[in-house]
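In: the following comprises the amino acid sequence and a computationally predicted model.
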2 protein chains.
Amino acid sequence: MARWEPNARERLVRAAVDLFSEQGYDATTVTEIAERAGLTKTTFFRHFPDKREVLFAGQEAIGRLLADGAAGAPRDATPVEAVGAALDAAAAMFTPAQREFGPLLREVIAANSELRERAALKSESFLEAMTEALRERGVPDTAAAVAAGLGALAFGRAFARWTEPDCARSFPDLARAELRDLHAAAAALT
Amino acid sequence: MARWEPNARERLVRAAVDLFSEQGYDATTVTEIAERAGLTKTTFFRHFPDKREVLFAGQEAIGRLLADGAAGAPRDATPVEAVGAALDAAAAMFTPAQREFGPLLREVIAANSELRERAALKSESFLEAMTEALRERGVPDTAAAVAAGLGALAFGRAFARWTEPDCARSFPDLARAELRDLHAAAAALT
């Protein structure tokens, strides 16, 4: 029987980000990550399929939260309001602990093309999750694409600001502010 | 001295897409691609660093064309008009020959997560190229993000329609129509 390891998942993520940052992603092995976290390789593989997924596993949940948030918005919410609800829902993933190593995580991803590709596909999946959720609310296809596009931009821009070393604002606050500004800019384009 | 091989690049792309489609991306080797194209492995590596880049090498040029197209729009063009000029410029890459194996290429990419990741990063780089070109035109940051975002959506949607097996319209025609519709939807969001 596997022994219960408190916070194993968080410890593995923390250890992986630290090691990737210290010695590079390619040079780091699963064994080293497990050792740094004070856990076994077996425990590692109970949580993640490989070392790359340590950085992205949490993002599956974000796509679901975005979709559920948009779906759960009041029936009379506009498409952009539904996108705002999606961003609020996803904010649950952006804990102070995550905020703390966000800048490190960003650096690690930026330094490795394989990780940047993976991150880009994840971003694309957030856009798709929101577009689909809006369509299911009865929003016409083109409007759903535009509103979800604003949401994806707001998400990315808010995340970039939130992980700046000196940022004091919360993720939902930043995401809402970005969505408001982008929406205003979209209106002013015409 | 290397022997001149007419259309080597196009023949390699064609052979690679056919083989990936027939037997899968993972099962296909560079040697097989070169053989199918009637060329040597050495010729392959003179054109591409690896088998994956056969599918994406042309896309470097698209980013440059988008940026140059936006930069070259008339000085009094609106941000969305500059994005339209960017899409027109990129259309140079979408030849009838490319149109022909577009559906095959799409299938090959869709079937492989590594290729989907690579494609997502390329799409992201198109968005960045357009955003940066608009900023350099003096478009404020948020407006540049929104207009480029509409351009990236138009690009992706036009490409998807253009590579439908029964599509008879040209890429620039589709891209312009998508941009017009997305722009109208953005205006109607408010």
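Out: That came through, no problem. Computed from a prediction, not measured in an experiment: that's the story for all the values here. Numbers count the residues shown, from 1 in each chain, chains lettered A, B, ... in the order given.
In: please make it C-alpha for all contacts and neighbour counts, starting now.
Out: Fine.
In: mind listing what the closest residue to A:Arg36 other than its chain neighbours touches?
Out: Leaving aside its sequence neighbours, A:Arg36 sits nearest to A:Ala15 (CA to CA, 6 or more residues apart in numbering or on different chains; 5.7 Å). Counting by CA atoms under 8 Å, 6 or more residues apart in numbering or on different chains, A:Ala15 makes contact with A:Ile33, A:Ala34, A:Arg36, A:Ala37.
In: just put the residues you listed in TSV and tack on neighbour count.
Out: Formatted as TSV, the contacts of A:Ala15 follow (neighbours: other CA atoms under 10 Å in any protein chain shown):
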residue	neighbour count
A:Ile33	25
A:Ala34	22
A:Arg36	17
A:Ala37	19
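In: okay, stretch A:48-56 in PDB with CA atoms only?
Out: Taking Å, rounded to 0.1, in the frame of the first residue of the first chain, the C-alpha atoms of stretch A:48-56 are listed here in PDB:
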ATOM      1  CA  PHE A  48       2.300  13.100 -13.000                       C
ATOM      2  CA  PRO A  49       3.000  11.100 -16.200                       C
ATOM      3  CA  ASP A  50       6.300  12.900 -16.800                       C
ATOM      4  CA  LYS A  51       8.400  15.900 -15.700                       C
ATOM      5  CA  ARG A  52       6.800  18.200 -18.200                       C
ATOM      6  CA  GLU A  53       3.300  17.700 -16.900                       C
ATOM      7  CA  VAL A  54       4.400  18.900 -13.400                       C
ATOM      8  CA  LEU A  55       4.200  22.400 -14.900                       C
ATOM      9  CA  PHE A  56       0.900  22.000 -16.700                       C
END
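In: buried ones in that stretch, by neighbour count?
Out: Buried residues in stretch A:48-56, defined by neighbour count with 16 or more other CA atoms under 10 Å in any protein chain shown: A:Phe48, A:Lys51, A:Arg52, A:Val54, A:Leu55, A:Phe56.
In: mind listing which of the residues you listed are in helices?
Out: Counting by DSSP state H, these place none of their members in helices.
In: tell me which of these is nearest to A:Leu150?
Out: Relative to A:Leu150, the closest of the buried residues of stretch A:48-56 is A:Phe56; by CA to CA it sits at 22.6 Å.
In: residues in contact with the spatially closest residue to that closest one that is not a sequence neighbour?
Out: Leaving aside its chain neighbours, A:Phe56 sits nearest to A:Ala119 (7.7 Å; criterion: CA to CA, 6+ apart). Residues counted as contacts of A:Ala119 (CA under 8 Å, 6+ apart) are A:Phe56, A:Ile109, B:Glu117.
In: which SSE is the residue nearest to A:Arg36 in?
Out: helix A:8-23 (DSSP states H and E).
In: ok now that helix, how far from the chain's centre?
Out: Centre-to-centre, helix A:8-23 and its host chain are 17 Å apart (CA atoms, centre = their mean, to the nearest Å).
In: packing partners of the next helix or strand after that helix?
Out: Where DSSP H and E defines the elements, the next helix or strand beyond helix A:8-23 is helix A:30-36. In terms of contacts (3 or more CA pairs under 8 Å, 6 or more residues apart in numbering or on different chains; DSSP states H and E), helix A:30-36 is packed against helix A:8-23, helix A:41-47.
In: at the contact with chain B, which residues of chain A appear?
Out: The interface of chain A toward chain B, taken as CA under 8 Å from any CA of the partner chain, is made up of A:78-80, A:116-121, A:124, A:142-143, A:145-147, A:149-150, A:153, A:181-183, A:185-187, A:189-190.
In: for PyMOL, write a command that selects the buried ones of the residues you listed.
Out: Remark: buried members of the residues of chain A next to chain B, expressed as a PyMOL selection using 16+ other CA under 10 Å:
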select buried, chain A and resi 78+79+80+116+117+118+119+120+121+124+142+143+145+146+147+149+150+153+181+182+183+185+186+187+189
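In: picking that back up, out of the contacts of A:Ala15, the closest to B:Gln98 would be?
Out: Closest approach between the contacts of A:Ala15 and B:Gln98, by CA to CA: A:Ile33, at 44.9 Å.
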